[in-house]
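Colleague: following is a predicted model, sequence given first.
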Amino acid sequence: MALASALLQVMLDAVRKTARPMLRDFGEVSQLQVSRKGPGDFVTTADLRAEDTLYELLMKARPGYGFLGEERGMIEGTDKSHTWIVDPIDGTTNFMHAMPHFAVTVGLERRAPDGSSEIVAGVTYNPVMNELFWAEKGKGCYLNDQRIRVAGRRDLSESLVATGLPFIGKSGHAQAIKDIHAIGQRVAGIRRLGSAALDFAWVAAGRYDAYYERGLKPWDVAAGILFVTEAGGSVTPIGADGDPRTGVSVLARNSELHPQLRKVLQAS
C-alpha cells in the first residue's frame, strides 16, 4: 500500500468526518428537511451540512486554496494554483430514498503558470459500504488499503457499461435514450445506479468495463478522472475535442475497447 501524503491525508480525514452525521441521517429520510433547488434536484439538510463541514475542514488545512462546491459554487482563494472540487453527497436522490449508493467526493485541481491544470489527488467515500477510493497522481489508485486496476476485457460485447440519465427538469432525455439503444445492442449490459462519482470509481476497480454520461459537472468527475487514469484506464470527451472536466466524458479500459464505445456514442 502506498503511503498517503500529508495533503491527501487532509482529504481522507475530511470525508470521513463529513460522513459521520450523514450516516445518522441515512435511512431516516422521512425526518429530513427537504427543499427544492429545482425540479427533481433536491437539497437535503444533510447535503448542506456536509458541504459546510467539508469547506470548514479543507479550508482550515489549506486556507489559501479555492473551493468549488455543488451547493455554494466557486470561492476564489489567494492561492490561484489550487482548487478543491467538492460534491458533498453525489447520489442525493439515492440518499433520500435510503439506497446505500452515494458518496462524498473531493478532488484537488492544480493549475500551472501556463494556465493548464490537472487533478492531482482525489477521494470518494461511500460511508454505508465503507468503501474509500483514493488516488494521487503517479501513485496508483486504491480502495481502502488495496490497490485497484481497471478490467482487462477487450471485446465490447462482453463488457458491462455504466451510464447516467437526466432527471426531470434537465435536457438530454431523447439523446440518452438514443445512446442506450445504440450501446445496448453491443454490450453485455448497461447499469444506471445514480452516482457519477461511484461510476468512475467502479470503473477504476474493474466492476464496470466502461462508463459514459453527457452533461456532467466538474464535481462529478474531478476525483474519478484521476482514479481511472491511475488504475490504468483512460478518460476522454465523447466528441473529438474538449476537456473531460467540462462534463461530457466517456471512459473505458484500453486502446481497443475505448474507441469502440466512443464511435458508437458519436454516431448516436
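Modeller: Looks like it arrived, so ask away.

Colleague: which parts of this protein are helices?
Modeller: All helices of the chain, identified by DSSP state H, fall at 6-25, 45-61, 92-96, 173-184, 196-204, 218-230, 257-267.

Colleague: most tightly packed of those helices?
Modeller: Ranked by mean neighbour count under mean count of other CB atoms under 10 Å, the helices of the chain are led by helix 196-204, which reaches a mean of 29. In this view, the C-beta of every residue, glycine as well, is placed from N, C-alpha and C.

Colleague: how far does that one sit from the chain's center?
Modeller: Between the centre of helix 196-204 and the centre of its chain there are 6 Å (CA atoms, centre = their mean, to the nearest Å).

Colleague: neighbouring contacts of it?
Modeller: Contacts of helix 196-204 with the rest of the structure, by CB atoms under 8 Å, 6 or more residues apart in numbering, involve 87, 90-91, 101-103, 105, 124, 126, 131, 133, 135, 141, 143, 148-150, 162-164, 193, 208-211, 213, 216, 220-221, 223-225, 227-228, 230-231, 233, 251.

Colleague: which regions of the stretch 101-250 of the chain sit below the pLDDT cut-off?
Modeller: Regions of the stretch 101-250 of the chain meeting the criterion pLDDT under 70 cover residues 240-242, 246-250.

Colleague: for this protein, what's the longest strand?
Modeller: Of all the segments of type strand in the chain, defined by DSSP state E, the longest one is strand 79-90.

Colleague: pull that one out as PDB, backbone CA atoms only.
Modeller: The C-alpha trace of strand 79-90 is given here as PDB (Å, rounded to 0.1, in the frame of the first residue of the first chain):
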ATOM      1  CA  ASP A  79      -3.600  30.600  -3.900                       C
ATOM      2  CA  LYS A  80      -4.700  30.600  -7.500                       C
ATOM      3  CA  SER A  81      -2.900  27.400  -8.300                       C
ATOM      4  CA  HIS A  82      -5.000  25.100  -6.100                       C
ATOM      5  CA  THR A  83      -8.800  24.500  -6.000                       C
ATOM      6  CA  TRP A  84     -10.800  21.900  -4.000                       C
ATOM      7  CA  ILE A  85     -13.600  20.500  -6.100                       C
ATOM      8  CA  VAL A  86     -16.400  19.000  -3.900                       C
ATOM      9  CA  ASP A  87     -19.700  17.200  -4.100                       C
ATOM     10  CA  PRO A  88     -20.900  16.700  -0.500                       C
ATOM     11  CA  ILE A  89     -23.400  13.900  -1.500                       C
ATOM     12  CA  ASP A  90     -23.100  12.600  -5.000                       C
END
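
Colleague: that one to helix 6-25, inter-axis angle?
Modeller: Counting by axes from the mean of the first three to the mean of the last three CA atoms, to 10 degrees, strand 79-90 lies at 30 degrees to helix 6-25.

Colleague: residues of strand 79-90 that come out buried?
Modeller: 82, 83, 84, 85, 86, 87, 88, 89, 90 (16 or more other CB atoms under 10 Å).

Colleague: from the residues you listed, which is closest to residue 23?
Modeller: Taking CB to CB as the measure, residue 89 is the one of these closest to residue 23, at 11.7 Å.

Colleague: just to revisit the earlier point, list the neighbouring strands of the longest strand of the chain plus their orientation.
Modeller: Sheet partners assigned to strand 79-90 using DSSP bridges are listed as strand 65-69 (parallel), strand 103-111 (antiparallel).

Colleague: and the contacts of stretch 15-31?
Modeller: By CB under 8 Å, 6+ apart, stretch 15-31 touches 32, 44-46, 49-50, 53-54, 57, 88-89, 95-98, 100, 104-106, 123-125, 127-128, 132.

Colleague: what about it, average pLDDT?
Modeller: Mean per-residue pLDDT for stretch 15-31: 86.

Colleague: quick check: the gap between residue 61 and residue 108.
Modeller: In this view, residue 61 and residue 108 are 11 Å apart by CB to CB, to the nearest Å.

Colleague: cool, and residue 43?
Modeller: For residue 43, the distance to residue 108 - CB to CB - is 24 Å.
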